[in-house]
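A.B. asks: take this sequence and fold it.
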Amino acid sequence: MHAPRHGRSLTGDVRLLEGFRSEALGNDRDVLVWLPPGYEHDQARRFPVLYLHDGQNVFDTSTSFAGTEWGVDETAERLVHEGRVAPLIIVAINHAGARRADEFAPTRDVHRHAGGQATEYARFVVDELKPWIDGRFRTRPEAAHTAIGGSSLGGLVTLHIGLEYPATFGALAVMSPSIWWDRRAVLTRVEGLSARLPWRIWLDVGTAEGRDTVRNARALKGVLMAKGWHTGADLHYLEAQDAPHSESAWADRVAPLLEFLFPVR
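C.D. replies: Numbering: from 1, shown residues only. Just a heads-up that it's a prediction; the model follows:
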């Protein structure tokens with residue numbers, strides 16, 4: 001693995017971890033780490049961390065799907081400077097290309113010939129990547145200061161990782177989740193919880209994503225509320241009017257997501 005270095009054409013202090021190896025998955029990928037303004041100046045301060053899937057789409061137009069990025073670096077830089085979001089570290093984990101659906105879906109879909117490796121991907125994030133990040137950056141490693149998130153299949157694997165490791169993450173960002181996978185199996189898992197877990201959850205969907213996608217997001221919201229989450233407190237639910245299932249739509253929701261999950265105390 002190469003030593004961290006500054007990224008190019010990105011906003012703020014971005015370090016590239018090139019070819020980060022995963023023994024759990026038997027492959028490697030690039031990981032980008034965005035450090036907040038003031039990170040280098042205040043050597044005593046430690047920071048909460050947000051892990052995001054589909055790292056190619058998070059910061060950089062040149063690597064993002066269809067040339068549209070989420071602009072998380074620009075948005076986070078602005079919100080931290082404006083005092084609207086607590087300074088945080090953001091870790092963007094690149095997906096595995098053709099193996100993306102394999103790694104993000106918890107169960108195997110025999111018709112799509114995909115899925116089934118989400119538990120190994122969760123082990124990579126929790127047992128391999130997170131300890132490396134915590135060991136080399138000034139993080140606050142406790143669950144209360146660690147969030148994970150993604151969109152579409154990235155939203156599905158976020159739920160899966162949270163359910164597998166409820167003591168590791170204190171917040172989930174679940175954007176336009178692919179709840180439909182394997183006959184809504186993830187919804188059944190959430191329904192099976194004995195009680196509310198200590199998470200703050202951002203859950204959203206665009207109204208132009210299709211009737212089933214919206215219906216599934218509403219179903220997840222209902223199950224979460226039945227388990228003890230409360231909207232406006234530890235659950236923020238958003239239906240973005242006329243928003244499609246796209247990178248640009250998710251980019252539009254980054255600012256309120258960060259403000260909810262990382263408020264200035």
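
A.B. asks: got the contact list for Thr75?
C.D. replies: If a contact means C-beta atoms under 8 Å, 6 or more residues apart in numbering, then Thr75 has Ala251, Val254, Ala255, Leu258 as its contacts. In this view, the C-beta of every residue, glycine as well, is placed from N, C-alpha and C.

A.B. asks: could you redo the last one with a cut-off of 10 Å?
C.D. replies: Listed by C-beta atoms under 10 Å, 6 or more residues apart in numbering, the contact set of Thr75 reads Thr11, Val85, Ala251, Asp252, Val254, Ala255, Leu257, Leu258.

A.B. asks: following the chain past the strand or helix carrying it, name the next helix or strand.
C.D. replies: Assigning secondary structure by DSSP states H and E places Thr75 in helix 72-81. Sequence-wise, the next helix or strand downstream of helix 72-81 (DSSP H and E) is strand 89-93.

A.B. asks: against His113, how distant is Ser166?
C.D. replies: If you look again at residue 166, you'll see it is Pro, not Ser. 31 Å (C-beta to C-beta, to the nearest Å).

A.B. asks: which one's more surrounded, those two?
C.D. replies: Between Pro166 and His113, counted using other C-beta atoms under 10 Å, the more crowded position is Pro166 (14 against 9).

A.B. asks: follow-up on the earlier one: how far does the helix holding Thr75 sit from its chain's centre?
C.D. replies: Remark: helix 72-81 is offset 17 Å from the chain centroid, using C-alpha atoms, centre = their mean, to the nearest Å.

A.B. asks: surely Asn27 is in contact with Arg100?
C.D. replies: No - in this structure, Asn27 sits apart from Arg100 without contact. The criterion is C-beta atoms under 10 Å, and the distance is 11.6 Å.

A.B. asks: which one of those two is surrounded by more residues?
C.D. replies: A side-by-side neighbour count of Asn27 and Arg100, using other C-beta under 10 Å, places Arg100 first with 20 against 15.

A.B. asks: check contacts around the more buried one.
C.D. replies: Counting by C-beta under 10 Å, 6+ apart, Arg100 makes contact with His53, Asp54, Gln56, Asn94, Ala114, Tyr121, Ser152, Leu153, Gly154, Val157.

A.B. asks: helix, strand, or coil at the last one?
C.D. replies: In this case it means Val157. Look at Val157: counting by DSSP: H, G, I helix; E, B strand; the rest coil, its state is helix.

A.B. asks: can you give me the neighbour number for it?
C.D. replies: Val157: 31 surrounding residues under other C-beta under 10 Å.

A.B. asks: my read: it touches Ala96, true?
C.D. replies: No - the pair Val157 and Ala96 fails to qualify as a contact (C-beta under 10 Å) at a distance of 11.7 Å.
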